[in-house]
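> test case, fold it:
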Amino acid sequence: MKAYKPKSLVAASRYQNYFPSLAADVQKEVYARMEELIEEEKGYCDKGNYKHMAQIFTSIALYEVLQNHGKRSAVATTNAIST
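Sure, this is the predicted structure:
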């Protein structure tokens, strides 16, 4: 089983190029939220779906953190990156 660590999940996600452009405090918040999501959904983390979970955890954490920071364009950014 691969380790479900936020930094490795981001590196495996479609956001790997976008993530470094975020402010350091935003990155820390995203990592913290991802840790919470990993804990909440740990039952799904050992079923051979690492890449899929990397997309889900990173997407949810980015969306929520950017929304909390008032980035109204978070949805547009998420949609633009995922296409």
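
> low-confidence stretches in this protein?
Applying pLDDT under 70 to the chain flags residues 1, 71-83.

> who touches stretch 22-36?
Identification of contacts with stretch 22-36 by Cβ atoms under 8 Å, 6 or more residues apart in numbering yields 6-7, 9-10, 19, 57-58, 60-62, 64-66, 68-69. To be clear about C-beta, it is placed using only N, CA and C from the backbone, and glycine gets the same treatment.

> burial measure for residue 43, as a count.
7 (other Cβ atoms under 10 Å).

> sorry, that was for residue 4
Neighbours around residue 4, by other Cβ under 10 Å: 21.

> mind checking the SS state of it?
coil (DSSP: H, G, I helix; E, B strand; the rest coil).

> SS state for the most centrally placed residue in the chain?
For the chain, the residue nearest the mean C-alpha position is residue 58 (1.3 Å; Cα atoms, centre = their mean). Judged by three-state DSSP, the three-state class of residue 58 is helix.

> and the residue lying closest to it once chain neighbours are set aside, how close does it get to residue 66?
Nearest residue to residue 58 in three dimensions, chain neighbours excluded: residue 13, at 4.0 Å (Cβ to Cβ, 6 or more residues apart in numbering). Separation of residue 13 from residue 66 (Cβ to Cβ, to the nearest Å): 15 Å.

> again with residue 19
Distance from residue 19 to residue 66, by Cβ to Cβ: 12 Å.

> now the helices for the protein?
6-12, 24-40, 50-68, 74-82 (DSSP state H).

> give me the angle between the longest one and helix 24-40.
Interaxial angle of helix 50-68 relative to helix 24-40 (axes from the mean of the first three to the mean of the last three Cα atoms, to 10 degrees): 130 degrees.
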